[in-house]
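**Q** this is a predicted model, with the sequence first.
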Amino acid sequence: MIEVFTLAFLMLVSVASVVAAYLAIRERDMVKAIVFSAIQSAMYALIFYVLMAPDIVLVYIPVSVGITPAVLLFVTKKTERYDGD
Amino acid sequence: MKASEVFVLISIIVFIFSLAYITSLGGLGQLPPVNVRVLAQRYLELTWNPLKPFMSSSGYESVTAIVWDFRGLDTFFETAVFYGAIIAAIAIYRGVKITGKGKTIGMSPIARTITRLSIVLIPTVAASIALHGHLTPGGGFQAGSVATVVAVLIIMVFGRKAIIRKGLTKSRILLLRSLGLLGIGFTAVALLLAAIALGVNAYIFQNQPKPFAPLGFPKIYDGMILGGSLLLFNFFEFIAVTAGFTLVLLLLSLDEKDVRRVVVEK
């Protein structure tokens, strides 16, 4: 029974990550796209946690939710915020 | 969201699930075994095994034991690659002056107050991840990336100049990073140097005593598990990773005008 719940949770989280990835690609505003990308990474962190990889979670959360968006925001500031046609 | 967008999204999800189903049926070759594999069993057995002292590592945490003891040389070269990548970043920005002078434009008082509280808490968490890395999940790289979030917050909320005004200049961060890598290198050869002085045999990346190599890092002190070289490696990696990431963020946050003046025009 627990296995079924775990698998169902994993499925939900992975579907949510696909939705976040799609929104990140579709979004014209780079800042919003970075936020969607961070949401996708947070979903991946949840998957790693459920799959019993706490070491990966500990490095994945700060890198994917903290450092990568920060680097991307700095880069966005140096280029253009809105993606043209 | 338009209907067409929902349709695209649903077809992506259906595609991913069908791919996962085909993979789980073995369509992409043989599936890995479900049970714990022999290599994993060996690692789990030998991570902390007082009955086999010559083969076991010195901490409870298998991942840290694998990363810094069983396969320590891999991690050393990984750290060296990370070090080289940051040297490349510094080389691109060479000649750009980083000063703390001038006015800083930070965020609102609410953001500032919350950040002031959290920049005390985050290093505490990072230190516990690094110094308990041989007992609980965690380690040097994990702790370093957690601690870097402090630098991200300070740069974002108080401005880049706040970091420099607090005394963390580029050269000091570089010094910290080099000290971290030197520490890792020194820990790797410390027993070898001691063995040469004492006239006995030892290996590079040796943690615990081995047959015909009697030296070893302290495993237990006063009933407390020290973790031997794992603790030292985690600590130095923590310093090196924190300083490296902070330096890159500091360089990336520089004003485009100043960088362009030096990098392009000279």
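**A** Yep, it's here.
**Q** ramachandran angles for B:Lys210?
**A** With angles defined as degrees, to the nearest 10, B:Lys210 sits at phi -120, psi 170.
**Q** quick check: it vs chain A, distance?
**A** B:Lys210 is 26 Å from chain A, where distance means CB to the nearest CB, to the nearest Å. All C-beta spots, glycine's among them, are computed from the backbone N, C-alpha and C.
**Q** and the gap between that residue and B:Val125?
**A** Using CB to CB, to the nearest Å, B:Lys210 is found at 35 Å from B:Val125.
**Q** B:Met55 reaches B:Trp48, doesn't it?
**A** No - at 11.3 Å, B:Met55 and B:Trp48 do not qualify as touching, with contact defined as CB atoms under 8 Å.
**Q** more neighbours, these two?
**A** Using other CB atoms under 10 Å in any protein chain shown as the criterion, B:Met55 and B:Trp48 rank with B:Trp48 on top: 18 against 14.
**Q** interface residues of chain A facing chain B?
**A** A:14-15, A:18-19, A:22, A:26, A:54-55, A:57-59, A:62-63, A:66-67, A:70-71, A:73-75, A:77-78 (CB under 8 Å from any CB of the partner chain).
**Q** where do the strands sit along the stretch 151-266 of chain B?
**A** B:220-221, B:224-225 (DSSP state E, counting those that start in this stretch).
**Q** kindly point out the strands partnered with the last one and how each is oriented relative to it.
**A** Using DSSP bridges, the strands paired with strand B:224-225 are strand B:220-221 (antiparallel).
**Q** which residues are contacting the partner strand?
**A** Here strand B:220-221 makes contact (CB atoms under 8 Å, 6 or more residues apart in numbering or on different chains) with B:Leu226.
**Q** what helix or strand is residue 13 on?
**A** Chain wasn't specified; assuming chain A. A:Val13 is part of helix A:2-26 when elements are defined by DSSP states H and E.
**Q** that's the wrong chain, I meant chain B
**A** Counting by DSSP H and E, B:Ile13 is part of helix B:3-24.
**Q** please see if that helix touches chain A.
**A** Yes - counting by CB under 8 Å from any CB, chain A is contacted by helix B:3-24 at B:5, B:8-9, B:12-13, B:16.
**Q** tell me which other helices or strands that helix touches.
**A** Judged by 3 or more CB pairs under 8 Å, 6 or more residues apart in numbering or on different chains; DSSP states H and E, helix B:3-24 is in contact with helix A:2-26.
**Q** between the helix it packs on and helix B:3-24, how big is the angle?
**A** Taking axes from the mean of the first three to the mean of the last three CA atoms, to 10 degrees, one finds helix A:2-26 and helix B:3-24 inclined to each other by 130 degrees.
**Q** report how many residues lie close to residue 8.
**A** In the absence of a named chain, chain A is used. 10.
**Q** could you do chain B instead?
**A** Quick note: B:Val8 (other CB under 10 Å) scores 13 neighbours.
**Q** pretty sure it contacts A:Tyr22?
**A** Yes - with contact defined as CB under 8 Å, B:Val8 counts as touching A:Tyr22 (7.5 Å).
**Q** just to revisit the earlier point, other SSEs contacting the helix holding A:Val13?
**A** helix A:30-50, helix B:3-24.
**Q** flag the shaky bits of the stretch 51-200 of chain B, pLDDT-wise.
**A** Nowhere does the stretch 51-200 of chain B drop to pLDDT under 70.
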